[in-house]
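Chemist: Sequence first, then the predicted structure:
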Amino acid sequence: MDMIIKIYLVIIAYFVLGAAGFLLINRKRSPEDARKNWIKYLTYFAIINTLFASIVFKPVYFSYIAVIIIVAGLYELYTLYRRYGSDRERLFFAALIIYAVFSTGFYLFSRCHMNDILFGFLVVSVFDSFSQISGQLAGRIKLVPAISPGKTYEGFAGGLFFAAMTAMIIKDLPAMTNLSAAMSGILISLSALAGDLLASLYKRKFGVKDYSNLIPGHGGVLDRFDSLMAGGAAMLLLSFITH
């Protein structure tokens, strides 16, 4: 329990740091854009706390949430296909195959030991949030503008740094060394980025910005959880190697 409390304090510290980053970012934004940023921040805070509680207090609840995410994501993939590209069967079925692989890995990840779930979840969450904050504060060079215009090399580097650092801080969860934890953090982050880019590519093919408007400030379920699904699948593979 002491370890869980320490981890939660780390999460709160990161959110405080993130709030400071948003204050700096919003100074250069219009009041409306600043409001949207804070809505996104508060929604993300609620999501992280809900998922963290489900993992710590009753891990099976996290597996239930994983099923909901998978089903909702599948529905969003199908909805885009039906609305905007019913003539793109090959793209849709290719996306289904990729989605099935990530979904299977994500669900099996949700059934892993609590420590492995918590490690993967925290690394992905930190990578996601600090990639965005670093990118908005210092982003200059676009990473893949044709697929995800908002992503930058600076944001990617910032997210990767904080993810690797976090992995070393919580290395005792999966009983790793500093080096193996840092490498695992990097691999999970790269997988999370790959999942994010694949989900963005699918949207771009249909000419839409978000999968839906279900989550305030974030878009749809896949817009919010694509990186967690891919990062979770990567953590599943790492758990086989490290145990």
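Modeler: Yep, it's here. From a predicted model like this one, the values you see are computed outputs, not experimental measurements.
Chemist: CA atoms of the longest strand along the chain as PDB?
Modeler: Counting by DSSP state E, the longest strand found in the chain is strand 148-152. Extracted in PDB, the C-alpha atoms of strand 148-152 (Å, rounded to 0.1, in the frame of the first residue of the first chain):
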ATOM      1  CA  SER A 148      -0.900  14.100 -37.200                       C
ATOM      2  CA  PRO A 149      -0.200  17.800 -37.700                       C
ATOM      3  CA  GLY A 150       0.000  18.500 -33.900                       C
ATOM      4  CA  LYS A 151       2.900  16.200 -33.100                       C
ATOM      5  CA  THR A 152       6.400  17.500 -33.100                       C
END
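Chemist: got a pLDDT number for the residue nearest to Ile169 when sequence neighbours are not counted?
Modeler: Using C-beta to C-beta, 6 or more residues apart in numbering and skipping residues adjacent in sequence, the residue nearest Ile169 is Val10, 6.3 Å away. All C-beta spots, glycine's among them, are computed from the backbone N, C-alpha and C. Looking at Val10, its pLDDT reads 87.
Chemist: Hmm, Leu173 and Val10 touching each other?
Modeler: No - look at Val10 against Leu173 with C-beta atoms under 8 Å: they stay out of range, at 11.6 Å.
Chemist: which stretches of this structure form helices?
Modeler: 2-26, 31-57, 59-84, 89-110, 114-138, 153-169, 178-205, 221-242 (DSSP state H).
Chemist: just so I know, which of the ones you listed lies nearest Ser212?
Modeler: helix 59-84 (5.8 Å; C-beta to C-beta).
Chemist: now Tyr81, nearest residue through space, not along the chain?
Modeler: Nearest to Tyr81 is Phe92, by C-beta to C-beta, 6+ apart, at 4.4 Å.
Chemist: For the chain, give me the ranges with low pLDDT.
Modeler: Counting by pLDDT under 70, the chain contains low-confidence ranges at 1, 243.
Chemist: could I have stretch 162-180 exported to CSV, CA atoms only?
Modeler: C-alpha atoms of stretch 162-180 as CSV (Å, rounded to 0.1, in the frame of the first residue of the first chain):
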residue,chain,number,x,y,z
PHE,A,162,9.4,11.7,-18.8
ALA,A,163,8.1,8.2,-19.7
ALA,A,164,11.6,6.7,-19.3
MET,A,165,12.2,8.6,-16.1
THR,A,166,8.8,7.5,-14.7
ALA,A,167,9.6,3.9,-15.6
MET,A,168,12.7,4.0,-13.5
ILE,A,169,10.9,5.6,-10.6
ILE,A,170,8.3,2.8,-10.5
LYS,A,171,10.7,0.0,-11.6
ASP,A,172,9.9,-2.0,-8.4
LEU,A,173,6.4,-2.7,-9.7
PRO,A,174,7.6,-5.2,-12.3
ALA,A,175,10.9,-5.8,-10.5
MET,A,176,13.2,-4.3,-13.1
THR,A,177,16.6,-2.7,-13.0
ASN,A,178,16.9,0.9,-13.9
LEU,A,179,18.2,0.1,-17.4
SER,A,180,15.5,-2.5,-18.2
